[in-house]
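Asker: got a sequence here, can you model it:
(2 chains)
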Amino acid sequence: MKVMNMVGAINDALDIKLKEDKNVVVFGEDVGVEGGVFRVTENLQKKYGADRVFDSPLAESGIVGTAIGMSIAGLRPVVEMQFCGFIYPAMNQIISHASRMRNRSRGKLETPMVIRMPYGGGINALEHHSESMEALFGHIPGLKVIAPSTPHDAKGMLIAAIESNDTILYMEPKRIYRAIKQEVSEEKFTIELGKANVITQGKDVTIVSFGAMIREVQKAMVMAKEQGISIELIDLRSIYPIDRETIRNSVKKTGRIITVTEGPKSFGLGAEIAQIAIEEAFLSLEAPPARVSGYDVIVPLPKGEHHYMQDAYKILYEIEKIVKY
Amino acid sequence: MFNEYNPINKLMFQVIDNDGKVIDKKLMPKVNDERVLKAYKDMLFARTADLQIVSYQRQGRIFTYPPNYGQEAISGATAVIIEEKDWLVPAFREMGAMLAKGVTLKELFLLFMGYEDGNAYKNANKVLPISVPIASQMLHASGIGYEIKYNKKKELVYGFVGDGGTSEGDFHEALNFAGVWKVPVIFIIQNNQYGISTPTRMQTASESLAIKAIAYGVKGIKVDGNDFFAVLRALEEAKKVCENGEGPVLIEAVTYRKGAHTTSDDPTKYRTKEEEEEWDKKDPLKRLKQYLIDKKLWSDKEEEKIIEDFKKEVDRQFIEAENYSEYKPEDIFKYMYSEMPQELKDQEHRLKEFYRWKEERVSQTIKK
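Answerer: Have a look, this model is predicted:
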C-alpha cells in the first residue's frame, strides 16, 4: 500500500498498463515531455519512450480520430483531452465512429480506447475549463462513461477501462486531483465497470452522486447526522451504463432520493436517476425525487462560480426539505 | 517524379491521352498486359454493376446509392497495387478497390438495402466500412498508419476522400498528423468536380487540391484520374515513398462523376450537357479500352459478351441479397458493446415483450 492522490493513482494505472501491454500508447496535448498540464502522465515518456507516450498536434478531433484508427489496427490508445470543455471538436469522431464502429461492422471492428479528461468546476479557471457534461456523453449509444471519486477507484477503474474492448470516456474530477489522499495498493487491480458503490449505508435518504460531488455530499452528511438524518450514499462510478439495481435496492429501503450532480439541470443525469427510482421503486417513495444540480446556464467565471456550484449547504437544504415532505 | 510534378509546377500527370495513346513510354507503370486486361474487366464490372444498381433503385428494390460511374480508373488502379496486408479506408465511391480487397457485391447490396451485415466483410480484412461523415475517415487512416509504423510492419494504408472532403477540418488534421508522424498512408482525393452540387472552385481558392500537400510537408501530385496508367504509376511512386519511411503522400486524382451524387440527386440542376459531353471524351473506360484494342488485347465483341456475363453475375448477387434473412430485434442490440450491459438486455426484453403483446393484440382484432 502507498499513499496516493488521484493524479498519482491515475499515473500508476497508466504505468502498470504501459509496462504489461505493449499495445498501450498514451498521447494527447502536452502529455509527453511535460507530463500533462496536471502532471497526470509525468515521467511516463521517460520510462516508456516517445513512441508510446507522446505529444500530439493540438487538435482534439485528430487525437480521437487517429486513436480510432490505432485501436482498429490493434493498439489500445489512452488519449487525453486537456479539459472537458475542449472535447467538442472531437465529438464527431466520438459520436460518428468510436461509439459505433463495432455495431456498424457487426462486431468485426472494435475500438478499445480510453478518452481521459479532467472535468468539473471549482478550480478558478477560464471559460471552457469547468464543465460537467456527463449527460451529453451518457446520451451517446455505444459509449461507456465513467468517473472515479477516490484515488483507489481512479486506479482500478482506469485499468479496467484500458482492458475493456469498448470505447470509454473516463472523466477525472480535477477539483479533487490532489485534494484526497488515501492508501492504494501498488499491485494491479481492477474495479468492475457499470457497478455503483454504496459508500455509506443509511436508512432515511438515498443520495446518488459521482466524482468531485461525493466529497460535498459527505460534508452535508455530517451536518445531517447531527439532526439525526441517516443518509445512504451511492457513488455511481459509471454514468453509462447506470447501475439500476443498486439505486433500486437503496430507494426501496429509504423511500427518498436526491441526486447531486454538477451538470446543467434540464435533461441531466438527475432526471434519469429520478425516473429509475420511479420505475423501480414507485410504491416505496415517500417524497418526489429531488435534485441538486447545476443550472441551465454557462458555468460562470471564477468570481461567480460559487453561485453555480453545488456545496454541502445546497445539499443539506434539499435533505431537510425531502425528510419534511 | 514528385520533384517534376511538384504541385507548385501546376502540372497534371498523364500517361495516355484521350484516345488511349501512350504519351511517353517511360511514364508507364510496371504492369503486364494480362494484368491491365484484368483491371479493365474489373472496371467494366464495376460500371456494369453501378448502372444496374441505379436501375434496381428506380424499381424500388434498393435504397439510396452513390454511383462510381466515371471514376472507375482510380479504384481500378488501386485494386492493382493494394495487397492483402494493406489497409483500405474508403470514402464511399471506391467499389472497385473494395471488391479487390474481397468485399462482395452482395455485401454492398446488403448495406444499401438496409443491413449493417453488409459492413461485416466476411471474406475481406483490413477494410473499413464506407464512411458517411465526410473526411472523418481520413484520421482513421492516419491512426492505422501510426500502428504500422509503431509495430514496424510492412503495410500501407490507402485512404480516400472526395474534393468536398478537403474542406473539412478532419482533412487538415489527418494530413497534419500523418505528416508529423511520417506514417505510410497514401491519401487519394477523388476530385470528381462536385460535392453534390457544389463545384470544386467553391470548395477552395487553392490552385489545386494536390498543392495542399506542400503546407503539410508531404509529397503531393495531381494526376489524371481518368487515366488508369497515370493513377497506377502515381500509386507506385507513392508506395516507394512510404516504404522509404517518407510518407504520407497526397494524390489528387482529377475525374468526373458521370452519374448523380446519389440516386436522390438530379445533376441537371447544376451542370450543363456541354460539360458532360466534354468529360465523356475523357472517360476512363473508353480510353483504356482503346489502348487494349490498339494492342489487339480486346475487342467490341468480347466486351459485349462479357457485359452480358457481368449482368448475370450482378443480378445473381443482387437476388441473393434480396433473399437475405430477416432483421431480428436482437440484432439492433447485440453489437453495441463487447458485453451487453444489463440496461440493453432490459431494453431488448421490453421490445420482445411488446412484439408478443402486439401479435396477440392484432390476432384478436382479426378474430373480431
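
Asker: so which residues of chain A form helices?
Answerer: Per DSSP state H, chain A carries helices over the ranges A:6-20, A:44-48, A:60-73, A:91-93, A:101-104, A:134-138, A:151-163, A:213-226, A:244-254, A:269-281, A:305-308, A:312-324.

Asker: is stretch B:91-107 anywhere near chain A?
Answerer: No. Stretch B:91-107 does not reach chain A (C-beta under 8 Å from any C-beta of the partner chain); its nearest approach is 10.7 Å. Heads up, the C-betas are built off the backbone N, CA and C, glycines and all.

Asker: buried sites along stretch A:177-185?
Answerer: A:177, A:180, A:184 (16 or more other C-beta atoms under 10 Å in any protein chain shown).

Asker: with distance to B:Asp163 as extra columns, can I get the helices of chain A in JSON lines?
Answerer: Below are the helices of chain A laid out as JSON lines (distance: least, C-beta to C-beta, whole Å):
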{"stretch": "helix A:6-20", "distance to B:Asp163": "41"}
{"stretch": "helix A:44-48", "distance to B:Asp163": "39"}
{"stretch": "helix A:60-73", "distance to B:Asp163": "20"}
{"stretch": "helix A:91-93", "distance to B:Asp163": "20"}
{"stretch": "helix A:101-104", "distance to B:Asp163": "25"}
{"stretch": "helix A:134-138", "distance to B:Asp163": "33"}
{"stretch": "helix A:151-163", "distance to B:Asp163": "39"}
{"stretch": "helix A:213-226", "distance to B:Asp163": "49"}
{"stretch": "helix A:244-254", "distance to B:Asp163": "49"}
{"stretch": "helix A:269-281", "distance to B:Asp163": "43"}
{"stretch": "helix A:305-308", "distance to B:Asp163": "46"}
{"stretch": "helix A:312-324", "distance to B:Asp163": "54"}
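
Asker: so which of those helices gets nearest chain B?
Answerer: Chain B lies closest to helix A:60-73 among the helices of chain A, at 2.3 Å (C-beta to the nearest C-beta).

Asker: do the closest one and chain B meet at all?
Answerer: Yes. Under the criterion of C-beta under 8 Å from any C-beta, chain B is reached by helix A:60-73 at A:61-62, A:64-73.

Asker: for these, give me a markdown table that also has distance to A:Ala160 and pLDDT.
Answerer: Output for these, formatted as a markdown table (distance: C-beta to C-beta, whole Å; pLDDT from 0 to 100):
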| residue | distance to A:Ala160 | pLDDT |
| --- | --- | --- |
| A:Ser61 | 27 | 98 |
| A:Gly62 | 27 | 98 |
| A:Val64 | 20 | 98 |
| A:Gly65 | 25 | 98 |
| A:Thr66 | 24 | 98 |
| A:Ala67 | 18 | 98 |
| A:Ile68 | 21 | 98 |
| A:Gly69 | 24 | 98 |
| A:Met70 | 20 | 98 |
| A:Ser71 | 16 | 98 |
| A:Ile72 | 21 | 98 |
| A:Ala73 | 23 | 98 |
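
Asker: chain B contacts on the stretch 51-200 of chain A?
Answerer: So the stretch 51-200 of chain A meets chain B at A:51, A:56-57, A:59, A:61-62, A:64-75, A:77, A:89, A:92-93, A:96-97, A:102-110, A:141-142, A:144, A:164-166, A:194 (C-beta under 8 Å from any C-beta).
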